[in-house]
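Student: Got a predicted model here, sequence first, then my questions.
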Amino acid sequence: MTDATETTDPASETSPDRPDGTVEAHGGEHAVAVAAAHGVETMFTLSGAHVFPMYDGAVHADPPMRLLDVRHEQTAVFAAEALGKLTRTPGLAVLTAGPGVTNGVSAITQASFSGSPLVVVGGRAPANRWGMGSLQEFDHPAVLAPVTKAARTVHKVDEIAEGVDEAFTLAGSSHRGPTFLDVPMDEFFNRAAVERPSPAPRVRTEPDPDVVFEIGNLLGQAQRPVLVLGTDVWADGAEEAALRLVEQTGLPAITNGMGRGVVPGGHPLLMTKARGATLGTCDLAIVVGTPLDFRLGYGVFGGKDGAPAAKVVHVADSPSQVSQHADLAASVSGDLTLVLDGLQAALEQQLRRPDWSAWVEELQATVAAAVERDNALLTAEADPIHPARIYGELLPRLAEDAVVIGDGGDFVSFAGKYVEPKQPGGWLDPGPFGCLGAGMGAAIAARIARPSSQVVLLFGDGAAGMSLMDVDTLVRHDLPVVMVVGNNSAWGLEKQPMQMLYGYDVVADLAPQTRYDEVVKALGGGGETVTDPRQIGPALDRAFASGVPYLVNVITDVDAAYPRNTFGV
Ligand SMILES: Cc1ncc(C[n+]2csc(CCOP(=O)(O)OP(=O)(O)O)c2C)c(N)n1
Ligand SMILES: [Mg+2]
């Protein structure tokens, strides 16, 4: 009898048990097998011959890898990025050579800004024609290098498995982010017998214990401390340690990005609704897992209403993320669970346990006043509809495990103000890159990652136009999502500032009352337009019950701008 590994039977060619431990297969099969070993179950893509081996690899994998094909590469990459954020396993997008890859650049850059684990595999013009001008010949890594942790060409088929393994390990390690590799088409189709590497175990970096102890001392001495919890608290798996620290020490907290929900909405120590007062009158801000950027006043806290400047501590998942511009009392980097648990232990060792109850009560009073103020707008009967009323109707309909996604300007700023997730991992926004058009991909990912949860995509009408054609993807792949458009017939977040600066505005108006719901219906979903505030709730009920991609197009008041005092620059 012939040894199975020595036959040319295609089924046995990919058998991993060749005597020397290698597997004989084509480049796409190797790449898909390694991605699967890293936990990838779905490949987001848009067809292109340069990456056919990846599709063949997915089809012939055991089990086959799900192929989710979209209508624009940006959607593929935004979906892979969001899946990485939701599952904390790097997402995979596969883009064809040239325009396929360049169409993905904004989404890859967003992943870089947000520290999202993402691997993008690009096709590449064949090596044996390189320089001769073959179709879509473009040297991608030069473009991708500034917005990735690594961008490289894998030149030989027998280097693909190792290259993909490295790309996944790097993307998923602190500080997380996107990696890119492309493979020349001829090498991708070639076959080779290689040893497929197994994923390396996760490395947890110990923070400096002396610095953690020192920060514990600062906390012990503080009268008005606040803990700010950002995206990396979730990404690093430190959400339980963060909530423990808050609850066991009585430390008030504010959340942003994917840190939202780490301290659940409505929790007595969550002060996000008193953000201005908390950050403006604290004496110590410990900021964990988020950069000290425009969202956090560039790391300057205190100073409000004559309050002294606050001390600032920055805690990051890796040294590269510690702020270089802020004036820091201390900083530490490492595994965030170890830092947060270390802080709690340091505090417990102190002879005199700090009492922050007066500070907490003061903030709770501010939160209560804000809740009351919010209620007036959440129930507004105004005609045209005030955008806040949409949230007044949506909030009571959201389950604890709902995934809420924001893609827009002012309409999403209102969401940030009113939607307080009850669990971590249930909020997706574009992060500091602020890229409109990210929402549809995120909704696709959320539907896949949380098959039984509500998925709500909040669109500004302007933002909706950037990805609405991908409702076709939702329909073809049977991915029911509830979309809500705050339709003020304008690029509102730009219209108001331009008015403020110049007294007039241009290029800010969109066609009045566009029927985005009809677009969704034309593509095979459902939807309706709402102009009466009392009809928003029933329309949302129909959307949730529909079981199809469904768009509620709410015509809102363009003059009800989000009250902001900064342009974010
Ligand atoms: C890709 C991209 N293009 C342009 C912008 C600039 N921008 C930020 S908010 C905004 C307006 C968004 O309008 P819409 O989605 O309708 O939300 P609204 O502010 O009207 O609620 C624009 C154009 C951006 N952030 N991203
Ligand atoms: Mg708008």
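Tutor: Good, I have the coordinates. Ligands and ions are numbered 1, 2, ... in the order given.
Student: and Val484, what are its phi and psi?
Tutor: Here is the backbone geometry of Val484 (degrees, to the nearest 10): phi -120, psi 120.
Student: in which helix or strand would I find the closest residue to it other than its chain neighbours?
Tutor: Among residues not flanking Val484 along the chain, Val552 sits closest, at 4.9 Å (CB to CB, 6 or more residues apart in numbering). Heads up, the C-betas are built off the backbone N, CA and C, glycines and all. Under the criterion of DSSP states H and E, Val552 resides in strand 550-555.
Student: do that strand and ligand 1 meet?
Tutor: No. Strand 550-555 lies out of reach of ligand 1 by CB under 6 Å from any ligand atom, never closer than 11.3 Å.
Student: Can you give the distance from that strand to the centre of its chain?
Tutor: The chain centroid and the centroid of strand 550-555 are separated by 24 Å under CA atoms, centre = their mean, to the nearest Å.
Student: what does that strand contact?
Tutor: Here strand 550-555 makes contact (CB atoms under 8 Å, 6 or more residues apart in numbering) with 384-385, 387, 390, 471, 480-487, 489, 513-517, 519-520, 525-531, 536, 539-540, 542-543.
Student: which residue does the stretch 251-400 of the chain bring closest to ligand 2?
Tutor: The minimum distance from the stretch 251-400 of the chain to ligand 2, using CB to the ion, falls at Pro387 (9.2 Å).
Student: Around ligand 1, which positions in the stretch 401-550 of the chain sit nearby?
Tutor: Selection of the stretch 401-550 of the chain residues close to ligand 1 by CB under 6 Å from any ligand atom yields 408-411, 434-437, 460-463, 486, 488, 490-494.
Student: in the stretch 301-450 of the chain, which spans are helices?
Tutor: Here the stretch 301-450 of the chain has its helices, by DSSP state H, counting those that start in this stretch, at 336-348, 357-378, 387-394, 410-418, 439-449.
Student: Please report the distance of the closest residue to Thr87 other than its chain neighbours from Asn190.
Tutor: Once flanking residues are discounted, Thr87 sits nearest to Ala449: 5.4 Å by CB to CB, 6+ apart. According to CB to CB, to the nearest Å, Ala449 stands 34 Å off from Asn190.
Student: Of these two, which one has the most company?
Tutor: Taking other CB atoms under 10 Å, Ala449 and Asn190 do not tie; Ala449 has more neighbours (21 against 16).
Student: circling back: do any residues in the strand holding Val552 lie close to ligand 2?
Tutor: No. Judged by CB under 5 Å from the ion, strand 550-555 and ligand 2 are separated, with a smallest distance of 10.9 Å.
Student: Direction included, what does that strand pair against?
Tutor: Strand 550-555 has its sheet partners listed here by DSSP bridges as strand 482-487 (parallel), strand 526-530 (parallel).
Student: How about Trp356: what's its closest non-neighbour residue?
Tutor: What sits nearest to Trp356 in space, not counting adjacent residues and going by CB to CB, 6+ apart, is Gly250, at 5.7 Å.
Student: how many neighbours does that neighbour have?
Tutor: Neighbour tally, Gly250, other CB under 10 Å: 15.
Student: Just put the helices of the stretch 301-450 of the chain in TSV and tack on mean pLDDT.
Tutor: Listed next are these as TSV, based on pLDDT from 0 to 100:
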stretch	mean pLDDT
helix 336-348	96
helix 357-378	96
helix 387-394	97
helix 410-418	95
helix 439-449	98
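Student: tell me the most buried of those?
Tutor: helix 439-449 (a mean of 28; mean count of other CB atoms under 10 Å).
Student: Correct me if wrong, but Val121 is in a strand.
Tutor: Yes. Counting by DSSP: H, G, I helix; E, B strand; the rest coil, Val121 is found in a strand.
Student: Now it: closest residue in space that isn't a chain neighbour?
Tutor: Distance criterion CB to CB, 6+ apart; nearest residue to Val121, sequence neighbours excluded, is Val94 at 4.9 Å.
Student: pull the helix or strand with minimum mean pLDDT from the chain.
Tutor: Of all helical and strand segments in the chain, the minimum by mean pLDDT, DSSP states H and E falls on helix 10-13, at a mean of 42.
Student: Tell me which residues are up against the helix or strand just after that one.
Tutor: Remark: after helix 10-13, the chain's next helix or strand is strand 23-26, criterion DSSP H and E. Strand 23-26 is contacted from outside by 13-16, 18, 30, 33, 53, 56-57, 157, 188-196, using CB under 8 Å, 6+ apart.
Student: Give me the subset of the residues you listed that lies in helices.
Tutor: Glu13, His30, Ala33, Pro53, Asp56, Gly57, Phe188, Phe189 (DSSP state H).
Student: C-alpha coordinates for stretch 110-129, PDB please?
Tutor: Extracted as PDB, the C-alpha positions of stretch 110-129 are listed here (Å, rounded to 0.1, in the frame of the first residue of the first chain):
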ATOM      1  CA  GLN A 110      -8.500  53.900  11.400                       C
ATOM      2  CA  ALA A 111      -7.300  50.600  12.800                       C
ATOM      3  CA  SER A 112      -3.900  52.100  13.300                       C
ATOM      4  CA  PHE A 113      -5.300  55.100  15.200                       C
ATOM      5  CA  SER A 114      -7.600  52.900  17.300                       C
ATOM      6  CA  GLY A 115      -5.100  50.100  18.000                       C
ATOM      7  CA  SER A 116      -7.400  47.500  16.400                       C
ATOM      8  CA  PRO A 117      -6.000  44.100  15.700                       C
ATOM      9  CA  LEU A 118      -6.300  43.600  11.900                       C
ATOM     10  CA  VAL A 119      -4.400  41.700   9.200                       C
ATOM     11  CA  VAL A 120      -4.800  42.800   5.600                       C
ATOM     12  CA  VAL A 121      -3.600  40.400   2.900                       C
ATOM     13  CA  GLY A 122      -3.200  42.100  -0.500                       C
ATOM     14  CA  GLY A 123      -2.800  40.600  -3.900                       C
ATOM     15  CA  ARG A 124       0.200  41.800  -5.900                       C
ATOM     16  CA  ALA A 125       1.200  41.900  -9.600                       C
ATOM     17  CA  PRO A 126       3.200  38.800 -10.500                       C
ATOM     18  CA  ALA A 127       6.900  38.800  -9.700                       C
ATOM     19  CA  ASN A 128       7.900  37.400 -13.100                       C
ATOM     20  CA  ARG A 129       6.300  40.500 -14.700                       C
END
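Student: for that stretch, which positions count as buried?
Tutor: By 16 or more other CB atoms under 10 Å, the buried positions in stretch 110-129 come out as 110-126.
Student: can you tell me if that stretch touches ligand 1.
Tutor: No. Applying CB under 6 Å from any ligand atom, one finds stretch 110-129 out of contact with ligand 1, separated by at least 9.7 Å.
Student: and that stretch, how far from the chain's centre?
Tutor: 17 Å.
Student: so for that stretch, what's the average pLDDT?
Tutor: For stretch 110-129, mean pLDDT rounds to 98.
Student: Next: stretch 53-73.
Tutor: Here stretch 53-73 scores 98 as its mean pLDDT.
Student: touching ligand 1 at all, it?
Tutor: No. Judged by CB under 6 Å from any ligand atom, stretch 53-73 makes no contact with ligand 1; its nearest approach is 12.9 Å.
Student: can you dump the C-alpha coordinates of that stretch into PDB?
Tutor: What follows is stretch 53-73, C-alpha atoms only, in PDB (Å, rounded to 0.1, in the frame of the first residue of the first chain):
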ATOM      1  CA  PRO A  53      -5.700  31.500  -4.000                       C
ATOM      2  CA  MET A  54      -7.100  32.900  -0.800                       C
ATOM      3  CA  TYR A  55     -10.600  32.100  -1.900                       C
ATOM      4  CA  ASP A  56      -9.600  28.600  -2.900                       C
ATOM      5  CA  GLY A  57      -7.800  28.200   0.400                       C
ATOM      6  CA  ALA A  58     -11.000  29.200   2.200                       C
ATOM      7  CA  VAL A  59     -13.200  26.900   0.200                       C
ATOM      8  CA  HIS A  60     -11.000  23.900   0.800                       C
ATOM      9  CA  ALA A  61     -10.100  24.600   4.400                       C
ATOM     10  CA  ASP A  62     -11.500  22.200   7.000                       C
ATOM     11  CA  PRO A  63     -13.900  23.600   8.100                       C
ATOM     12  CA  PRO A  64     -14.200  26.000   5.200                       C
ATOM     13  CA  MET A  65     -13.600  29.600   6.100                       C
ATOM     14  CA  ARG A  66     -16.600  31.900   5.700                       C
ATOM     15  CA  LEU A  67     -16.200  34.300   2.700                       C
ATOM     16  CA  LEU A  68     -18.000  37.600   3.200                       C
ATOM     17  CA  ASP A  69     -17.900  39.600   0.000                       C
ATOM     18  CA  VAL A  70     -18.800  43.300   0.100                       C
ATOM     19  CA  ARG A  71     -19.500  46.100  -2.400                       C
ATOM     20  CA  HIS A  72     -16.500  48.300  -1.500                       C
ATOM     21  CA  GLU A  73     -13.100  47.400  -0.100                       C
END
